[in-house]
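Engineer: give me the fold of what follows.
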Amino acid sequence: MPKSSATPKAPRPYGKGRVVELSALNEVRQTLGDASRQRDLLIEHLHAIQDRFGYLSAAHIVALAHEMKLAPAEVYEAATFYHHFDVVKDDQQAPPKLTVRVCDSVTCEMFGARELIAALRSSLGNAVRVQPVPCVGRCEQAPVAVVGWNPVAHADAGRVKAAVDSGAYDCPIPAEAIDYSRYISEDGYALYRACRDGERDVESIVAELEHAGLRGLGGAGFPAGRKWRILRDQPKPRLLAVNVDEGEPGTFKDRYYLERDPHRFLEGCLIAAWAVEIDDVYIYTRDEYPAVRALLARSVAELQEKFDDLPHIHLRRGAGAYICGEESAMIESIEGKRGMPRLRPPYVAEVGLFGRPTLEHNAETLFWVRELVEKGGAWFASHGRNGRTGLRSFSVSGRINKPGVHLAPAGITVRELIDENCGGMLDGHEFYGYFPGGASGGILPASLGDVPLDFDTLQAHGSFIGSAAVMILSDQDRARDAALNAMRFFAHESCGQCTPCRVGSEKAVQLMTAGTWDQPLLEELARVMEDASICGLGQAAPNPLRTVMKYFPDELQD
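Structural biologist: Sure thing, here's the model as predicted:
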């Protein structure tokens with residue numbers, strides 16, 4: 001919708017006597033400038049206002065609703081759903097200008113996040129808000145504090161205070177990030193040009209993906225080539241939705257790749273759009289990844305200068321909500337039922353992706369497309385161990401010497417991963433247990449450290465690999481504490497739409513804080529959450545507590 005230029009002759013009432021304040025309306029219009037007022041940009045516009053003023057006032061929410069021709073309740077509902085928006089009512093004070101966020105998720109808690117939070121609250125004073133947050137996607141740098149947008153790795157109170165005092169509030173762009181010129185010099189976009197110019201045909205590209213056995217690498221594992229074939233048979237217009245909101249505690253592989261080689265990912269997007277004949281590409285990026293957002297914006301601008309026939313690439317910014325990953329709308333649209341049990345992000349619902357055939361991918365899946373096609377599906381499939389094929393990017397954190405993203409053969413065991421890729425356990429620590437698939441993947445003991453890590457290899461043990469987020473526990477940790485941390489995360493991130501998840505996760509936290517766990521009651525609660533929750537959060541939340549009861553029973557009594 002074009003920008004509205006008319007100024008109301010008089011304030012208009014909204015809701016219970018609320019009126020549009022002309023000063024707030026002018027501020028909103030000035031902030032948005034010439035940007036479209038279309039509905040799917042609501043979250044982007046909320047970000048623009050939050051970024052400028054540091055919070056969202058009631059007056060700005062009402063003014064934005066007027067400007068976008070939405071009900072104030074719609075704007076308020078979206079703003080209050082996301083953790084990164086500070087909605088300030090008329091009788092409330094605005095938050096301090098500077099917020100220091102400290103991750104208190106599983107790995108950061110292992111490395112002293114609680115103590116760091118207490119120290120910062122004591123040393124920084126009331127002029128700085130110190131806010132515990134459930135995950136910032138930097139588990140390999142634990143503990144992590146974020147000063148404004150500037151991540152402080154391996155944080156302590158002194159380093160954080162130095163960043164605060166020096167005004168270092170912005171996230172730096174990684175020096176190793178490959179720009180367009182360098183990417184082109186290394187044969188970048190040659191494959192896309194070959195596809196676009198008719199030198200490669202769709203069948204040969206899709207066949208390589210199928211030969212390689214490339215699967216969705218965001219956790220579901222749906223075969224990529226099969227997705228492309230299915231979508232090609234659906235009516236136009238078709239869309240591509242890419243999930244770069246890896247909110248699963250323990251996961252950071254997408255950030256790692258995109259901060260280093262964003263054009264490789266974008267070339268994968270363009271090849272997918274060419275093969276499936278897609279006109280619009282939506283890339284949903286995590287708000288905690290400002291460097292990724294900046295790099296993608298720069299890279300898309302570079303592309304638009306060099307190519308005149310690109311699909312429309314829409315960058316959409318998340319706002320801190322775990323459940324706003326993708327849902328398999330593709331499967332839903334052709335089978336009339338849900339695929340992956342995820343809730344729909346508001347921006348997706350507004351733009352109508354779920355009423356149109358949509359190819360959905362995780363960022364890493366598309367990151368592999370160029371290399372896999374150039375080297376051939378057989379090359380990718382030649383890797384693997386223990387009867388598995390392909391390569392996996394493991395986000396590994398915890399009590400190891402070399403945390404980080406490690407590319408390893410599918411089917412590698414966690415013991416092999418620790419010894420061969422992670423430099424072994426930290427001195428004085430013995431391998432005790434591990435999350436093989438992030439917070440929702442359950443916790444397995446060291447006695448199961450020789451089980452191959454891949455799709456479909458862990459289900460028999462009450463676990464799964466998901467996005468391959470591996471968190472390593474040592475004999476100085478307790479599995480019950482890690483499970484409680486995970487359940488607190490789920491309780492914090494539950495959207496509240498269904499009672500089993502909302503109430504169940506909170507009740508589970510209460511029961512898990514007891515010295516002795518009431519295991520029959522916890523199992524009954526877990527069964528209800530699994531059976532009755534409407535999305536994957538509530539269905540997977542019981543996995544950590546169940547695996548602790550099964551594999552770590554000695555921890556459950558005082």
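Engineer: C-alpha from now on. contacts and neighbour counts both.
Structural biologist: OK.
Engineer: for Leu407, grab the count of nearby residues.
Structural biologist: As a burial measure, Leu407 scores 14 neighbours (other C-alpha atoms under 10 Å).
Engineer: does it lie in a helix or a strand, and which?
Structural biologist: strand 404-409 (DSSP states H and E).
Engineer: list the buried ones in the helix or strand just after that strand?
Structural biologist: Per DSSP H and E, strand 404-409 leads on to helix 414-416 as the next helix or strand towards the C-terminus. Using 16 or more other C-alpha atoms under 10 Å as the test for burial, helix 414-416 gives Val414, Arg415.
Engineer: what segments of the stretch 1-150 of the chain are helices?
Structural biologist: Using DSSP state H, counting those that start in this stretch, the helices of the stretch 1-150 of the chain run over 22-32, 42-53, 58-68, 72-81, 106-110, 113-124.
Engineer: what does the fourth one contact?
Structural biologist: In other words, helix 72-81. Helix 72-81 has contacts (C-alpha atoms under 8 Å, 6 or more residues apart in numbering) with 14-15, 42-43, 46, 61-62, 64-66, 85-87, 321, 346, 495.
Engineer: average pLDDT across that helix?
Structural biologist: The pLDDT scores in helix 72-81 average 93.
Engineer: for the shortest one, same thing?
Structural biologist: Along helix 106-110, the predicted local confidence has a mean pLDDT of 98.
Engineer: burial check on the closest residue to Leu310 other than its chain neighbours, number of neighbours?
Structural biologist: Spatially, and ignoring its direct neighbours in sequence, Leu310 is nearest to Gln304 (7.3 Å; C-alpha to C-alpha, 6 or more residues apart in numbering). Neighbours of Gln304 under the rule other C-alpha under 10 Å: 14.
Engineer: pretty sure Gln304 is in a strand, no?
Structural biologist: No. Using DSSP: H, G, I helix; E, B strand; the rest coil, the assignment for Gln304 is helix, not a strand.
Engineer: gap between it and Asp280?
Structural biologist: Using C-alpha to C-alpha, to the nearest Å, Gln304 is found at 14 Å from Asp280.
Engineer: what do you get for His84?
Structural biologist: His84 sits 27 Å away from Asp280, going by C-alpha to C-alpha.
Engineer: ditto for Ile313
Structural biologist: 6 Å.
Engineer: can you check Ala224 too?
Structural biologist: 19 Å.
Engineer: what of His60?
Structural biologist: Here His60 is placed at a distance of 31 Å from Asp280 (C-alpha to C-alpha).
Engineer: before we move on, back to that, pick out whichever of Ala224 and Asp280 has more residues nearby.
Structural biologist: A count of neighbours by other C-alpha under 10 Å puts Ala224 above the other of Ala224 and Asp280, at 24 against 18.
Engineer: ok so, going back, would you convert the helices of the stretch 1-150 of the chain into TSV that also reports mean neighbour count and distance to Gln476?
Structural biologist: Shown next, in TSV, are the helices of the stretch 1-150 of the chain (neighbours: other C-alpha atoms under 10 Å; distance: least, C-alpha to C-alpha, whole Å):
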stretch	mean neighbour count	distance to Gln476
helix 22-32	17	51
helix 42-53	18	42
helix 58-68	23	48
helix 72-81	16	37
helix 106-110	25	9
helix 113-124	17	16
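Engineer: wait, which of those is closest to His406?
Structural biologist: Closest of the helices of the stretch 1-150 of the chain to His406 is helix 106-110, at 17.0 Å (criterion: C-alpha to C-alpha).
Engineer: all strands for the stretch 151-300 of the chain, in order.
Structural biologist: Under the criterion DSSP state E, counting those that start in this stretch, the stretch 151-300 of the chain contains strands at 239-244, 280-285.
Engineer: ok, residues contacting the first one?
Structural biologist: Taking C-alpha under 8 Å, 6+ apart as the criterion, the residues outside strand 239-244 that touch it are 254, 273, 278-286, 325-326, 353, 356-363.
Engineer: quick revisit: can you tell me which two in the contacts of helix 72-81 are farthest apart?
Structural biologist: Maximum pairwise distance in these, criterion C-alpha to C-alpha, is 28.2 Å, between Tyr14 and Ala321.
Engineer: which strand is the longest one in the protein?
Structural biologist: Ordering each strand of the chain by length in residues (DSSP state E) puts strand 391-398 first.
Engineer: give the pairing partners of that one; include direction for each.
Structural biologist: Strand 391-398 has its sheet partners listed here by DSSP bridges as strand 404-409 (antiparallel), strand 469-474 (parallel).
Engineer: quick one: mean pLDDT for that strand?
Structural biologist: The pLDDT scores in strand 391-398 average 97.
Engineer: who's in contact with it?
Structural biologist: For strand 391-398, using C-alpha under 8 Å, 6+ apart, the contacting residues are 107, 110, 139-140, 250-253, 380-381, 383-384, 403-410, 422, 467-473.
Engineer: please redo it, this time with the cut-off set to 7 Å
Structural biologist: 107, 139-140, 250-253, 380, 383-384, 403-410, 468-473 (C-alpha atoms under 7 Å, 6 or more residues apart in numbering).
Engineer: how many neighbours does Thr389 have?
Structural biologist: When counting by other C-alpha under 10 Å, one arrives at 19 neighbours for Thr389.
Engineer: that one contacts Trp379, correct?
Structural biologist: No. Using C-alpha atoms under 7 Å, Thr389 is not in contact with Trp379, being 10.3 Å away.
Engineer: which parts of the longest strand of the chain are buried?
Structural biologist: Across strand 391-398, burial judged by 16+ other C-alpha under 10 Å covers Leu391, Arg392, Ser393, Phe394, Ser395, Val396, Ser397, Gly398.
Engineer: can you read off the pLDDT for the residue nearest to His45 when sequence neighbours are not counted?
Structural biologist: Of all residues not flanking His45 in the chain, Leu32 sits nearest, at 6.8 Å (C-alpha to C-alpha, 6+ apart). As predicted, Leu32 sits at a pLDDT of 98.
Engineer: Leu32 and Leu56, how far apart?
Structural biologist: Per C-alpha to C-alpha, Leu32 is found 14 Å from Leu56.
Engineer: quick one: end-to-end length of stretch 153-162, please.
Structural biologist: For stretch 153-162, the first-to-last residue distance is 13 Å (C-alpha to C-alpha).
Engineer: next: stretch 26-45.
Structural biologist: End residues of stretch 26-45 are separated by 14 Å (C-alpha to C-alpha).
Engineer: got it, and stretch 52-62?
Structural biologist: Terminal-residue distance, stretch 52-62 (C-alpha to C-alpha): 17 Å.
Engineer: pLDDT of that stretch, averaged?
Structural biologist: 97.
Engineer: how far does that stretch sit from the chain's center?
Structural biologist: Offset of stretch 52-62 from its chain centre (C-alpha atoms, centre = their mean, to the nearest Å): 26 Å.
Engineer: so which residues make contact with it?
Structural biologist: For stretch 52-62, the external contacting residues (C-alpha under 7 Å, 6+ apart) are 20-21, 24-25, 28, 49-50, 72, 75-76, 85-90, 94, 97.
Engineer: ok, 6 Å please
Structural biologist: With contacts defined as C-alpha atoms under 6 Å, 6 or more residues apart in numbering, stretch 52-62 is touched by Ala24, Gln50, Pro72, Asp86, Val87, Val88, Lys89.
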